[in-house]
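> Build the 3D model from these lines:
(one chain, ligands or ions: 1)
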Amino acid sequence: MNEKISTFFDKGPIFITGHVNPDGDALGASFCLKILLQKENIEADINFDIANTLPSNLDHLPYELITKKLQSYYETVFVFDCGNPGRLGKYEDIVLKAKNIIVIDHHINPTFGSLQIVDSEAASTTQVLYRQLLKEKYVIDKDMADCLLTGLITDTGRFQYPNTTMEVFNIASDLLKQGADISTISENIYGSIEFNALKLQSEIINRIIYDEDIKFTYSTIYQKDYKKYNIDAEETDFLIDAVRLVRGADIALLLKEQVDGTFKGSLRSRNNFNVQELSAIFDGGGHKAASGFSSTSSEEDIIKIIKNEIRTKL
Ligand SMILES: [Mn+2]
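Model (predicted):
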């Protein structure tokens, strides 16, 4: 597809968004475009469906640019890092009503969008956006570079996941050249955790179960934990990383109990196991090495279903 995103810059009003409870990649890509449009003197609104607050460990991003009051209709929407409209949360309607829906993503087969700029092999959505900006000859300034690098760092697990290709390093190198501040970003994302969150992590670690036969490790966060440690769910995304540390485990699951008693699951894998297929059982989505889902089943049932599915794939 040869279409340019700049074709739509004069087709306002414009809205920029990403998946619900956005991560570093969805936020980084969205804010990068917002900054670019601002430099071009093009108005655009930006917001996300967030359960509580935006994650504090990503607050080096320009959160102040979030639009407080949205319009009721947008002619053009840019959607980042979101494979299906159901993941837009409360903004699903406003996005689907738009005339031009530009989906920029790296999920496998996004199911919507009048224009899709998608590469499921790309490590991050910010990588896809970076390529596009270069193609359209835009200059990436320091603020944009910080945003793009954030998505690259978080979606590659700090340049460690198998998606960390030479191109990823080349892009990172170029972003550093543009002034991206890798140490400030990394310190904010990974180098410091709220004291309470660290205490919660110890509980999650205590609960880890390792099923050696199928190389599967898992743990659960309950609503009572959020209360006990006075912490928002958004602040606990990093906990899956503790679960996936278990040596020998190829598949890691962290279940998070929701306010209504249902569960959200985060899955991670090593050694090429495709956890997207596990999430798909629950109509979830994501990537080979990282995926997620929601389920109204009980904790026990979810774990049983996943274990059975892993066994069929061994
Ligand atoms: Mn992503």
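
> What are the buried residues along stretch 213-228?
Neighbour-count burial for stretch 213-228 flags 214-221, 225-226 (criterion: 16 or more other CB atoms under 10 Å). All C-beta atoms are positioned from the backbone trio N, CA, C, and that covers glycine.

> could you dump it to CSV, C-alpha only?
Written as CSV, here are the backbone C-alpha positions of stretch 213-228 (Å, rounded to 0.1, in the frame of the first residue of the first chain):
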residue,chain,number,x,y,z
ASP,A,213,5.9,-31.0,32.6
ILE,A,214,4.5,-28.4,30.2
LYS,A,215,7.0,-25.7,31.0
PHE,A,216,4.2,-23.4,32.2
THR,A,217,4.4,-20.9,35.0
TYR,A,218,1.5,-18.7,36.3
SER,A,219,0.3,-16.5,39.1
THR,A,220,-2.7,-14.3,39.9
ILE,A,221,-3.4,-10.8,41.2
TYR,A,222,-6.7,-10.4,43.0
GLN,A,223,-8.8,-7.3,43.7
LYS,A,224,-7.9,-7.6,47.4
ASP,A,225,-4.2,-7.1,46.4
TYR,A,226,-4.9,-3.7,44.7
LYS,A,227,-6.7,-2.7,47.9
LYS,A,228,-4.2,-4.0,50.3
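
> list the contacts for residue 19?
For residue 19, the contacting residues are 26, 48, 81-82, 87-89, by CB atoms under 8 Å, 6 or more residues apart in numbering.

> please redo it, this time with the cut-off set to 10 Å
When the contact criterion is CB atoms under 10 Å, 6 or more residues apart in numbering, the partners of residue 19 are 25-26, 48-49, 79-84, 86-89, 91, 105, 107, 125, 285, 292.

> can you tell me which of those are up against the ion?
Counting by CB under 5 Å from the ion, 25, 81, 125 from the contacts of residue 19 sit close to the ion.

> Not including adjacent chain positions, what is the nearest residue to the residue in the stretch 151-300 of the chain that the ion sits nearest to?
Here the stretch 151-300 of the chain gets closest to the ion at one residue, residue 155, 4.6 Å apart by CB to the ion. Sequence neighbours aside, residue 124 is the residue nearest to residue 155 in space, at 3.7 Å (criterion: CB to CB, 6 or more residues apart in numbering).
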